[in-house]
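S.K.: Sequence and computational prediction follow.
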Amino acid sequence: MDHQTLVGVLMDPSFYAHPVDRVDYLQTHISSIFLTGDYAYKLKKPVDFGFLDFTTPEKRRINCEAEVELNRRLAPAVYLRVAPIGLVDGKPVFDGPGEAIDSLVVMRQMDNDRLGPAVLARGELDEAKIDSLVEVLVPFYESARTGDGIDQYGTIESVKFNTDENFAQTEVFVGQAITKQQFEEVRDRTNAFFETNKGLFERRIAQGRIRESHGDLHLGNVFFEPGRPVIFDCIEFNERFRCGDIAVDLAFLAMDLDFQGRPELAQRLVGSYIERSGDIELRLLLDFYRTYRAYVRGKIACFTSSDPALELRAKEQHLQLASRYFSLAHAYAANL
């Protein structure tokens with residue numbers, strides 16, 4: 001059964017095993033999300049972007065299971081289980097018997113008013129909330145997997161594979177979302193950084209700074225719950241995007257704060273993290289990884305703009321968003 005047909009099924013309140021008055025629908029470039037009040041359900045799209053492959057029900061099930069397991073590290077009360085969609089008399093059934101035609105990640109639905117962008121929009125994101133995030137992140141990284149099987153993702157070869165992939169996948173958007181000059185300067189300065197900082201990359205590995213991290217640490221993946229923030233939606237579909245230098249995660253959140261017009265909070269984040277962790281050399285990698293992270297966000301916006309289901313206006317909006325991210329990446333790259 002195709003994805004759009006399943007979306008229609010999941011929009012019906014009667015599909016679910018609990019009372020539902022209405023279903024709100026959200027989507028990303030890789031998932032469809034259904035909000036039912038008490039619970040949220042995520043259905044992965046059957047897409048293949050090279051760096052992820054959700055093209056079969058089995059691959060989607062495996063990634064759903066990985067998503068629940070990995071996200072329980074930071075959000076154990078949110079990620080509940082994986083539920084199969086069965087087929088009974090030709091009709092999709094929640095937790096249905098027999099072989100699953102697809103899978104759902106089942107989550108406790110959180111209060112969107114506490115989501116990072118909403119808190120920011122109300123002017124409530126302050127240094128205290130940033131410090132509370134750091135208090136969660138420092139022990140998370142200290143206990144995250146490292147060593148054999150992880151350290152490889154901190155090598156220049158591994159990081160350059162990711163940056164080279166970004167440039168290859170966005171070259172088609174030169175002239176649409178990024179200028180030729182921006183593209184070439186970000187690419188050239190990124191590659192020059194590798195050449196002049198080989199010792200720094202090697203030290204980071206030796207110091208145990210390469211960890212199985214979150215991989216998608218931005219405000220949209222943080223709920224500022226009273227007392228302790230909840231960080232959710234880590235990258236499950238590709239280990240090389242989840243694992244890397246701790247600086248990759250911190251740079252993403254700092255970049256997001258810059259992008260949202262709050263550079264003073266980005267500075268607070270970095271300063272507070274360094275003070276609590278003692279990771280002084282992290283600063284040496286910030287502009288490099290902020291360049292990388294802004295560029296990735298631009299790339300994702302480009303991918304989203306290419307979704308054939310989007311209307312022309314939505315496509316243009318995503319290309320404009322991509323352009324803003326690419327411009328920010330270009331500004332960071334000037335400091336490399």
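M.R.: Noted; the coordinates are in hand. Numbers count the residues shown, from 1 in each chain.
S.K.: Give me the neighbour count for residue 38.
M.R.: 11 (other Cβ atoms under 10 Å). Yep, even glycine has a C-beta here, placed from its N, CA and C like the rest.
S.K.: Make sure it is actually in contact with residue 106.
M.R.: No - with contact defined as Cβ atoms under 8 Å, residue 38 does not count as touching residue 106 (10.6 Å).
S.K.: Now name the helix or strand holding the nearest residue to residue 112 once chain neighbours are set aside.
M.R.: With sequence-adjacent residues excluded and distances taken as Cβ to Cβ, 6 or more residues apart in numbering, residue 112 is closest to residue 118, at 6.2 Å. Element membership for residue 118 (DSSP states H and E) is helix 116-121.
S.K.: which residues does the closest residue to residue 232 other than its chain neighbours contact?
M.R.: In this structure, residue 232 finds its nearest non-sequential neighbour in residue 75, 4.4 Å apart by Cβ to Cβ, 6+ apart. Contact partners of residue 75, counting by Cβ atoms under 8 Å, 6 or more residues apart in numbering, are 230-232.
S.K.: hey, C-alpha coordinates of the helix holding residue 118 in CSV?
M.R.: Output of helix 116-121 as CSV, limited to C-alpha atoms (Å, rounded to 0.1, in the frame of the first residue of the first chain):
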residue,chain,number,x,y,z
GLY,A,116,12.1,25.4,21.3
PRO,A,117,10.9,27.6,18.5
ALA,A,118,7.6,28.5,20.4
VAL,A,119,9.6,29.3,23.5
LEU,A,120,11.9,31.5,21.5
ALA,A,121,9.0,33.2,19.7
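S.K.: where exactly do the strands run in the protein?
M.R.: 24-27, 31-35, 39-44, 79-88, 91-94, 102-108, 210-212, 222-223, 230-231, 243-245 (DSSP state E).
S.K.: how about CSV for those strands, with distance to residue 189 added?
M.R.: Formatted as CSV, the strands of the chain follow (distance: least, Cβ to Cβ, whole Å):
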stretch, distance to residue 189
strand 24-27, 34
strand 31-35, 33
strand 39-44, 35
strand 79-88, 39
strand 91-94, 50
strand 102-108, 38
strand 210-212, 23
strand 222-223, 30
strand 230-231, 31
strand 243-245, 18
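S.K.: quick one on the thing from earlier: out of the contacts of residue 75, who has the most neighbours?
M.R.: residue 231 leads the contacts of residue 75 on contacts (other Cβ under 10 Å) with 24 neighbours.
S.K.: so what's that one up against?
M.R.: Contacts of residue 231 by Cβ under 8 Å, 6+ apart are 74-75, 133, 136-137, 214, 217, 221-222.
S.K.: Tell me, how many residues neighbour the residue lying closest to residue 187 once chain neighbours are set aside?
M.R.: In space, and not counting its chain neighbours, residue 187 is closest to residue 167: 5.0 Å by Cβ to Cβ, 6+ apart. Using other Cβ under 10 Å, residue 167 is surrounded by 17 other residues.
S.K.: Likewise for residue 157?
M.R.: That count, for residue 157 with other Cβ under 10 Å as the rule, works out to 10.
S.K.: what does residue 60 give?
M.R.: When neighbours are counted by other Cβ under 10 Å, residue 60 comes out with 25.
S.K.: Since that was my last question, I'll sign off now.
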